[in-house]
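**Q** predicted coordinates and the sequence they were generated for:
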Amino acid sequence: MEVKFIKTNPTQNMTILVESRHGREDYGQVAQRMMSYDHVFAEQVGFIEQAEGQEAWARLQMMSGEFCGNAAMSLAAVMAWKWNLPLGRSLDIPLEVSGADQLLSCRVTADAAPGYTCRLELPPPLSIEPSVLLLRESALTISAALVRYPGICHAILEVAPGEVNLRSIAEQAVQSLAATCDEQAVGIMLYCPDTQEMEPLVYIPAANSLVWERGCGSGAAAIGAWLARQQQRHIHTQIKQPGGTMDVWAQIENRQITRLAIQGQVHISASGTAYI
């Protein structure tokens with residue numbers, strides 16, 4: 001099978017976007033092969049489809065139907081690249097994205113080619129609530145904040161600077177979360193309020209994919225929404241991730257998140273044909 005693709009770098013959350021047409025029943029197989037170390041290699045794969053409505057320029061369908069902010073920004077950047085957006089110019093690109101039941105808008109500004117600054121408007125989370133996760137190996141529990149979107153939920157675990165052995169704890173907790181959170185994707189966001197640093201772990205149960213990602217757009221947005229709810233005020237913060245920094249804006253009215261946006265850099269890394 002020949003697969004036409006574009007590889008992008010949104011805050012080092014390396015993303016493959018498949019341009020060629022394939023049946024959705026093959027998405028899992030194609031994605032898992034292309035993500036592997038001995039193939040194209042990336043943290044996630046999305047598929048570019050024709051939009052179902054007339055207003056969107058394209059549709060992004062992730063391999064398991066989950067929502068992904070970085071892949072959505074990547075698709076917007078790819079479309080601006082194909083349109084040869086001039087340096088310094090901006091373009092608002094409407095997209096359909098799996099896991100989102102409304103049209104999303106991404107403002108793309110062309111930087112030094114082939115790089116783009118992308119600001120994506122996200123739907124507000126479905127809920128933000130306290131939760132308790134089970135650590136399977138020790139049968140202990142850990143407190144978390146659970147932020148739900150359509151198709152994906154993130155548990156935010158607050159950590160202290162220099163806290164050790166947290167990856168093992170997160171990997172146990174994500175299995176517990178997946179068992180209780182009936183979504184296509186689940187994440188554990190290790191977040192240090194003192195330094196505003198985040199380490200994202202994302203699990204796709206259908207693909208049995210467990211990845212410590214270099215960046216996570218929806219995870220950063222979840223932290224912004226949680227901070228706005230916790231502090232009962234509008235938030236603009238910068239979330240530091242292993243792959244770089246992402247800006248997050250969250251607005252709140254009457255304890256409800258009314259607007260949520262993320263902004264990061266996307267670079268076009270490669271394009272070509274892969275063989276499955």
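**A** Nice, thanks for sending it over. Numbers count the residues shown, from 1 in each chain.
**Q** surely A173 meets A144?
**A** Yes: assessed by C-beta atoms under 8 Å, A173 is found in contact with A144 at 7.4 Å. Every C-beta, even on glycine, is put in place using the N, C-alpha and C of the backbone.
**Q** higher neighbour count, these two?
**A** A direct count of neighbours by other C-beta atoms under 10 Å for A173 and A144 places A173 higher, at 24 against 21.
**Q** what touches both of A173 and A144?
**A** Listed as contacting both A173 and A144 by C-beta atoms under 8 Å, 6 or more residues apart in numbering are L133, A155, L157.
**Q** highest neighbour count among those residues?
**A** Highest neighbour count within these: A155, with 27 neighbours (other C-beta under 10 Å).
**Q** give me the pLDDT value at that residue.
**A** Looking at A155, its pLDDT is 96.
**Q** next, the contact list for it, please.
**A** By C-beta under 8 Å, 6+ apart, A155 lies in contact with 131, 133, 144-147, 173-174, 177, 186-189.
**Q** ok, back up a step: would you list the shared contacts of A173 and A144 in a markdown table and tack on distance to G264?
**A** Formatted as a markdown table, those follow (distance: C-beta to C-beta, whole Å):
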| residue | distance to G264 |
| --- | --- |
| L133 | 28 |
| A155 | 22 |
| L157 | 22 |
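**Q** among these, which one sits closest to L104?
**A** L104 has its nearest neighbour among the shared contacts of A173 and A144 in A155, at 23.5 Å by C-beta to C-beta.
**Q** element containing the closest one, please.
**A** In this assignment (DSSP states H and E), A155 forms part of strand 152-158.
**Q** just after that strand, pick out the following helix or strand.
**A** Using DSSP H and E, the helix or strand that follows strand 152-158 in sequence is helix 166-180.
**Q** buried set for that next one?
**A** Neighbour-count burial for helix 166-180 flags L166, I169, A170, E171, Q172, A173, V174, Q175, S176, L177, A178 (criterion: 16 or more other C-beta atoms under 10 Å).
**Q** out of those, which is nearest to I223?
**A** Among the buried residues of helix 166-180, and counting by C-beta to C-beta, the member closest to I223 is A170, at 14.8 Å.
**Q** chain neighbours aside, what residue packs nearest to W226?
**A** Computed as C-beta to C-beta, 6 or more residues apart in numbering, the closest residue to W226 that is not its neighbour in sequence is A145, at 5.1 Å.
**Q** and the helix or strand that neighbour falls within, what's buried?
**A** Using DSSP H and E, A145 sits in strand 140-149. In terms of neighbour count (16+ other C-beta under 10 Å), strand 140-149 has its buried residues at I142, A144, A145, L146, V147, R148, Y149.
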